[in-house]
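Student: okay, structure incoming, though there's no sequence with it:
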């Protein structure tokens, strides 16, 4: 596949990626930890992205009068591989790991994009803290997806900001449960499994 990286270096790089899963990518920080050039770290992650092992979710840029994050988020696309790299081998291990929420986020994003298509999929975040996990641009309209590892998500300040600033057609809050209920105007909370079974067809790219 054209990946010519020493095995030991690649193992260390995978481990670093696992700890960055669901976070903003920083080539400089990774490179400094591994003792390589930031351009080399950039090439490594691009190679793994091209091999469909890593997802780089690009940021969405829009002039809403706020400073926005302009670097991609990185995810290890296979949850089993992520858990292996983090030495998670059981449910108690997962429940006690600080990456549990990020693991759920990455898994959910992969499931959603398998059904809706990967084109025009982004995340959005401001330096002030407002963030949207997944933004889908479909037929000129913006649809938001927020992922919550919670039994009963509630409306947050960030959701208000995201919905209003991005002028979302609708914001879906996906969680582990089965019930569906409205959180606010154009904001619906729905279980991930139910959403995947009956997702709106206008979200298909």
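Tutor: Cool, got the structure. Note that the structure is predicted; figures quoted are calculated from it, not measured.
Student: and the strands in the protein?
Tutor: Using DSSP state E, the strands of the chain run over 23-24, 54-57, 73-76, 121-125, 131-138, 141-147, 170-175, 180-184, 187-191.
Student: now the helices for the chain?
Tutor: Taking DSSP state H as the test, the helices found in the chain are 7-20, 27-34, 38-50, 79-85, 91-95, 100-116, 157-166, 192-197.
Student: now the strands of the chain in CSV, with distance to residue 32 and mean neighbour count?
Tutor: Just so you know, the C-beta spots here come from the backbone N, C-alpha and C atoms, and that holds for glycine as well. Output for those, formatted as CSV (distance: least, C-beta to C-beta, whole Å; neighbours: other C-beta atoms under 10 Å):
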stretch, distance to residue 32, mean neighbour count
strand 23-24, 16, 14
strand 54-57, 20, 20
strand 73-76, 16, 24
strand 121-125, 23, 20
strand 131-138, 25, 21
strand 141-147, 30, 22
strand 170-175, 35, 23
strand 180-184, 41, 13
strand 187-191, 40, 19
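Student: how about those in CSV, adding mean pLDDT and distance to residue 4?
Tutor: Formatted as CSV, those follow (pLDDT from 0 to 100; distance: least, C-beta to C-beta, whole Å):
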stretch, mean pLDDT, distance to residue 4
strand 23-24, 94, 27
strand 54-57, 97, 17
strand 73-76, 98, 21
strand 121-125, 96, 30
strand 131-138, 96, 33
strand 141-147, 97, 36
strand 170-175, 97, 39
strand 180-184, 95, 49
strand 187-191, 97, 44
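Student: quick one: closest of these to residue 154.
Tutor: When the strands of the chain are compared by C-beta to C-beta, strand 180-184 sits nearest residue 154, at 6.9 Å.
Student: parallel or antiparallel, list what pairs with that closest one.
Tutor: strand 187-191 (antiparallel) (DSSP bridges).
Student: leaving out chain neighbours, which residue sits closest to residue 109?
Tutor: Excluding the flanking residues, the one nearest residue 109 by C-beta to C-beta, 6 or more residues apart in numbering is residue 134, at 5.8 Å.
Student: my bad, should have said residue 104
Tutor: Nearest residue to residue 104, sequence neighbours excluded (C-beta to C-beta, 6+ apart): residue 149, at 4.6 Å.
Student: report how many residues lie close to that neighbour.
Tutor: Using other C-beta atoms under 10 Å, residue 149 has 14 other residues around it.
Student: now do the contacts for it.
Tutor: For residue 149, the contact set (C-beta atoms under 8 Å, 6 or more residues apart in numbering) comprises 100, 101, 104, 105, 175, 176.
Student: thought residue 87 was touching residue 94?
Tutor: No: with contacts counted by C-beta atoms under 8 Å, residue 87 stays clear of residue 94, the gap being 10.7 Å.
Student: those two: which is more packed in?
Tutor: Using other C-beta under 10 Å, the more surrounded residue of residue 87 and residue 94 is residue 94, with 16 against 10.
Student: contacting residues for the more buried one?
Tutor: With C-beta under 8 Å, 6+ apart, residue 94 has these contacts: 83, 88, 100, 103.
Student: which of those count as buried?
Tutor: 83, 88, 103 (16 or more other C-beta atoms under 10 Å).
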